[in-house]
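Chemist: Dropping a prediction and its sequence here:
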Amino acid sequence: MRKNTQTIFLCLFILFIIVPTNPYSENNFSLEGRWEGKIEIPGTPLDFNIDFSQLPDGSWKGDISIPAQMAKDLPLSDISLSDQNVTFKISGVPGDPTFKGTFNETGTKITGELMQGGQTFPFFLESSADPTIAVKEALQGFDEVIAEALKTFNVPGMALAIVKEDRIVFAQGFGFRDVENKLPVTPDTLMAIGSSTKAFTTYAMGILVDQGKLEWDAPVRNFIPWFRLQDTFMSERITPRDMVTHRSGLPRHDLVWYNNFTSSREELVRSLAHLQPSADLRERFQYNNLMFLTSGYLIETLTGKKWEDSIRTLVFEPLAMKRSNFSVEDSQKDDDYALPYRDNDGKIEKIPFRNISTIGPAGSINSCVNEMGHWLMVHLNQGKFQGEQLINPSTLQDMHLAHMPTGATPTRPEISPADYGMGWFVDNYRGYRRFHHGGNIDGFSAMVSMLPQDGVGFVVLTNMNGTGLPELLIRHASDRILGLETIDWLGEAAKRREEGEEAAEQAEEKKEIRRKTGTKTSHPLEDYAGDYENPGYGNLKVELNSQGLQFTFNKITTPLEHWHYDTFNGKEAEDPTFHDMKLTFRTDVNGHVAAIAAPFEPSVDEIIFTKKPDSRMFDPEYLKKFIGEYELAGQIFTVNLKGNTLTLQAPGQSPYELVPDLGEEFYLKQVKIVSMAFTVDEQGKVTGLELYQPDGTYTATKIIQ
C-alpha cells in the first residue's frame with residue numbers, strides 16, 4: 001500500500017513539473033471555431049464574424065464576414081498564435097487591415113486593435129457556438145405554432161425551410177398536399193412559387209451581365225430592335241433595369257396574358273405597343289408581370305434558347321435543383337406534388353391547376369422547400385454555393401438594393417414601407433435589413449425572405465389560394481431567431497381576417513345599390529352577339545344561347561346578366577375571373593352595336609373591343625355575287641373582286657377599295673365618310689347598291705346581263 005502511494009505521489013509531482021504554470025501558454029488557447037465580435041468605428045460600429053480552423057501541419061486558416069459591408073468569407077492571412085497573442089490580416093483589401101489581439105484568461109474572448117491605412121480601431125471577439133445550433137434551439141415548439149396556424153387560416157398544407165448561412169437548419173412539411181386522399185406535405189413536395197420566380201429571371205440576367213452580354217442601363221432596343229411601347233419616347237429610353245423594377249410606366253394589364261394559351265411570348269411582347277400607360281417612365285412603381293415576361297424574352301434573344309432552358313442551365317443545375325420545373329403539367333408527373341385549393345366560404349375546395357407557362361419568366365416555377373433552400377444559400381453567401389462562385393457578388397448585391405420606391409405607407413412601426421430591388425422587395429423588419437418576394441397563383445401562395453446581415457433565409461410554400469400565412473410564419477420565426485420580443489402576428493391577422501370577411505359580406509349585400517332598375521337594352525340580344533377585338537388584348541366573343549348572352553375571353557367563358565341599359569354583369573362561373581365585372585356595349589352612329597368597353601385594367605381607360613364585321617364579308621365565294629355593273633342616274637358603277645377585297649369603280653375616278661363594316665355594309669377606304677350596302681331580294685339575288693353620303697342616300701340598280 002505504501003509503495004502505491006509513493007508511485008501516485010511521484011506521478012503527481014511529475015505532472016506538476018511538466019504542466020506550464022503560465023496561464024497564457026499557447027497550449028491553453030485555440031482559435032478553432034466561430035468567433036463573433038465588433039469593430040468600434042466611431043458612429044458606425046461594425047459587427048463581424050470569423051471562422052478559424054487548424055490545418056494538419058499546425059498552421060491556421062480563416063475567413064472573415066462583415067454583414068453590413070456585404071463582405072462574406074474574405075480570406076485571412078498571416079495568422080499567428082503565440083502565447084496569449086493573436087495576429088491576422090484580411091487578404092487583398094486596401095490599407096493592409098491587420099488585427100492584433102490578446103486572449104482573456106479563459107481563452108473565450110480576444111480584445112485588441114485593427115490597424116488599417118494609418119488608422120487604429122478597437123475590436124473584440126468572443127467564441128461562439130455553431131450558429132445553426134442557436135437557430136434550432138430558437139425554433140423549439142415552432143411545429144405546434146404552425147399546426148395551429150393551418151387550422152386558423154384554413155390552409156390544407158404547407159412546407160417550410162429555414163437556412164442559416166450555408167446549411168438548412170429546418171425543413172418540414174405540414175398538413176396535406178392532397179386533402180381527399182390524406183397525402184402529407186413533405187419538404188420535397190412540389191408547389192408553385194408564383195412571382196417568387198421573378199428573382200430567378202433577374203439572377204439569370206445578372207449572369208448575362210457578368211458575361212458582358214447585357215447591360216442593365218442600356219436601352220432595351222439595343223437588344224430587341226423592334227421593341228416598342230405605345231409612347232415612342234418611352235420606347236427609346238426604357239432599360240432592362242426599368243423592366244425588372246416595375247417602373248416602366250405601364251400598369252399590370254394582366255388579362256393580356258392570363259389564361260392565354262394561343263399567343264407566343266414574342267406576340268405578347270409586341271402587344272405592349274398597344275397598351276395604354278398610366279405614368280411616365282420611372283415616374284411611379286407599378287407592378288407589371290408583362291415587363292418580366294419581356295425580360296425573359298430578352299434572355300431568350302441573348303442566349304438563343306428558351307427562357308426555361310436558360311434558367312435550367314444558369315440556375316437550376318449549378319444549385320442542384322433537380323426536380324424544380326416550369327409547368328404545373330410537369331409537376332403532376334412527379335411522385336410528390338400538391339393539389340391547388342381555395343377557401344370557399346370557410347370550406348377548403350380543390351380547384352383546377354392554372355397553366356401560366358407563357359408568362360413563365362414572371363411566375364411559372366414550381367419547386368420544393370428542400371431545393372429552394374439551395375436558392376437561399378446562393379443569396380446569403382454572396383453568390384457562392386458549395387464553395388463555387390456562381391455569380392459576381394457585386395451583381396448579386398445590385399439585385400438586393402432598393403432601386404424604386406413603391407410609394408407604400410407604413411402600416412406597422414416595426415416594418416418599413418417596402419422598396420423594390422430587381423426581383424425583390426426590400427425593407428427593414430424590426431431594425432433588420434430584409435429582402436423578400438411572395439408568389440400567388442391559382443391555388444398556391446409562397447414567400448421567400450432573407451435577413452442577409454444575419455445569414456438567415458426562409459421559404460414557405462402552401463397549396464392555398466391567396467393566403468397571407470407564409471409571411472406571418474416567417475415573421476414569427478424571425479422573432480424567435482433574432483431573440484426579439486414576441487408579437488402575436490398570427491393572432492392579429494386572424495382578427496383582421498374575420499373583420500374583413502364581415503365587411504365583404506356587407507359589401508355583397510349592397511352591390512346592387514347603383515343598379516338602375518326598370519331599364520332595358522337598346523337592341524335585341526342577338527345584335528350584341530359577335531366577335532370583338534382589341535390590338536393589345538386580342539379577341540373577345542359574345543354568344544347568345546337559350547340562357548342569354550355569354551362572353552369568352554382567353555378561353556374563359558362567363559354568362560352575362562342584364563344589369564341596366566346596355567351594361568351587362570358577369571355571373572358566377574366555373575372560372576370566377578370575370579364574376580361581377582361590368583361590360584358596356586356601345587352603339588355607333590349608324591345604330592349598330594359596335595364595341596364593348598371592358599374594365600380589364602382599372603388604372604387606365606376602359607379597354608375597347610371593336611366588333612368585327614361578319615366573317616362572310618371576307619369570303620371570296622360569298623363576295624362573288626356582288627360583282628357587276630350598277631346604274632345610277634345614267635352613270636355606270638362597276639364592282640370588281642380582287643382576292644377577298646371588293647373594289648368600286650366610279651365614272652372618271654380611280655377604284656375605291658371597299659372595307660367590310662358592321663351591318664353587312666362597306667365603307668370606302670379612301671373616303672371613310674362614304675359607305676354602301678348591297679340590296680338583295682327574297683331569293684338572295686343582288687338587285688342594287690345604296691351609297692350613303694352625308695347629303696343623302698343614292699340607289700344604283702344592278703344591270704342584269
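Modeler: Looks like it came in fine.
Chemist: what's the neighbour count on E300?
Modeler: 18 (other CB atoms under 10 Å). To be clear about C-beta, it is placed using only N, CA and C from the backbone, and glycine gets the same treatment.
Chemist: which residues touch it?
Modeler: Going by CB atoms under 8 Å, 6 or more residues apart in numbering, E300 touches R265, K306, W307, S310.
Chemist: Now, those that are in helices?
Modeler: Cross-referencing the contacts of E300 against helices under DSSP state H gives R265, W307, S310.
Chemist: Can you list the buried residues in stretch 411-421?
Modeler: S416, A418, D419, Y420, G421 (16 or more other CB atoms under 10 Å).
Chemist: before we move on, the earlier item: let me know the closest of the ones in helices among the contacts of E300 to R586.
Modeler: Checking these against R586 with CB to CB, the nearest one is R265 at 32.3 Å.
Chemist: Which helix or strand contains A700?
Modeler: Remark: A700 resides in strand 696-702, with elements defined by DSSP states H and E.
Chemist: what's in contact with that strand?
Modeler: 628-632, 637, 679, 686-691.
Chemist: Direction included, what does that strand pair up with?
Modeler: Sheet pairing for strand 696-702, assigned by DSSP bridges, gives strand 628-632 (antiparallel), strand 686-693 (antiparallel).
Chemist: so what's Q69 closest to, chain neighbours aside?
Modeler: L46 (7.1 Å; CB to CB, 6 or more residues apart in numbering).
Chemist: Who are the contact partners of that neighbour?
Modeler: Applying CB under 8 Å, 6+ apart, we find L46 in contact with K38, I39, I66, A68, Q69.
Chemist: Distance of it relative to F609?
Modeler: Per CB to CB, to the nearest Å, L46 is found 60 Å from F609.
Chemist: what does T587 give?
Modeler: 14 Å.
Chemist: who has more neighbours, these two?
Modeler: Legend: neighbour count by other CB under 10 Å for T587 and F609, higher for F609 (26 against 14).
Chemist: rewinding a little: so of the buried residues of stretch 411-421, which ones are in strands?
Modeler: Of the buried residues of stretch 411-421, the ones assigned to strands by DSSP state E are D419, Y420.
Chemist: between the buried residues of stretch 411-421, which is closest to R480?
Modeler: S416 (20.9 Å).
Chemist: Pretty sure the closest one sits against A408.
Modeler: No - the criterion here is CB atoms under 8 Å, and S416 misses it with A408 at 9.2 Å.
Chemist: in the sheet, who's paired with the residue nearest to T577 when sequence neighbours are not counted?
Modeler: Excluding the flanking residues, the one nearest T577 by CB to CB, 6+ apart is I556, at 5.3 Å. Under the criterion DSSP bridges, I556 forms beta bridges with F553.
Chemist: For burial, what's the neighbour tally of I556?
Modeler: Per other CB under 10 Å, the neighbour tally for I556 reads 18.
Chemist: Tell me how far it lies from G570.
Modeler: Taken as CB to CB, the span from I556 to G570 is 10 Å.
Chemist: And the strands in the stretch 151-300 of the chain?
Modeler: For the stretch 151-300 of the chain, the strands defined by DSSP state E, counting those that start in this stretch occupy 157-164, 167-178, 183-184, 191-192.
Chemist: helices and strands around the last one, which ones?
Modeler: When you say that, I think you mean strand 191-192. Packed against strand 191-192 by the contact rule (3 or more CB pairs under 8 Å, 6 or more residues apart in numbering; DSSP states H and E) you find helix 328-331, strand 366-367, strand 444-451.
Chemist: The second one now?
Modeler: With contacts defined as 3+ CB pairs under 8 Å, 6+ apart, the secondary structure elements packing on strand 167-178 are helix 131-138, helix 142-152, strand 157-164, strand 183-184, helix 369-380.
Chemist: and the angle from that strand to helix 131-138?
Modeler: 40 degrees (axes from the mean of the first three to the mean of the last three CA atoms, to 10 degrees).
Chemist: and strand 167-178, which residues are buried?
Modeler: Buried residues in strand 167-178, counting neighbours by 16+ other CB under 10 Å, are found at I168, V169, F170, A171, Q172, G173, F174, G175, F176, R177, D178.
Chemist: you'd agree the residue nearest to T577 is up against F261?
Modeler: No - using CB under 8 Å as the test, I556 is too far from F261 to be in contact (11.0 Å).
Chemist: Who are the packing partners of the helix or strand S394 falls within?
Modeler: Using DSSP H and E, S394 sits within helix 393-400. When contacts are defined as 3+ CB pairs under 8 Å, 6+ apart, helix 393-400 packs onto helix 198-210, helix 369-380.
Chemist: Check what pLDDT the closest residue to S196 other than its chain neighbours gets.
Modeler: Spatial nearest neighbour of S196, chain neighbours left out: G439 (4.0 Å); criterion: CB to CB, 6+ apart. pLDDT, G439: 97.
Chemist: which element is G439 on?
Modeler: Using DSSP H and E, G439 falls in strand 432-441.
Chemist: Can you list the buried residues in that strand?
Modeler: Within strand 432-441, the residues scored as buried using 16+ other CB under 10 Å are R433, R434, F435, H436, H437, G438, G439, N440, I441.
Chemist: The second one is in contact with G421, isn't it?
Modeler: No - using CB under 8 Å, R434 and G421 do not qualify as a contacting pair, with a distance of 11.2 Å.
Chemist: residue nearest the centroid of this protein?
Modeler: Central residue of the chain (CA atoms, centre = their mean): S195, 2.5 Å from the mean position.
Chemist: quick one: that residue and K625, what's the gap?
Modeler: 55 Å.
Chemist: Kindly tell me how buried the closest residue to H274 other than its chain neighbours is, as a neighbour count.
Modeler: Take H274 and drop its neighbours on the chain: the residue closest to it by CB to CB, 6+ apart is G536, 3.4 Å away. The local packing of G536 (other CB under 10 Å) involves 18 other residues.
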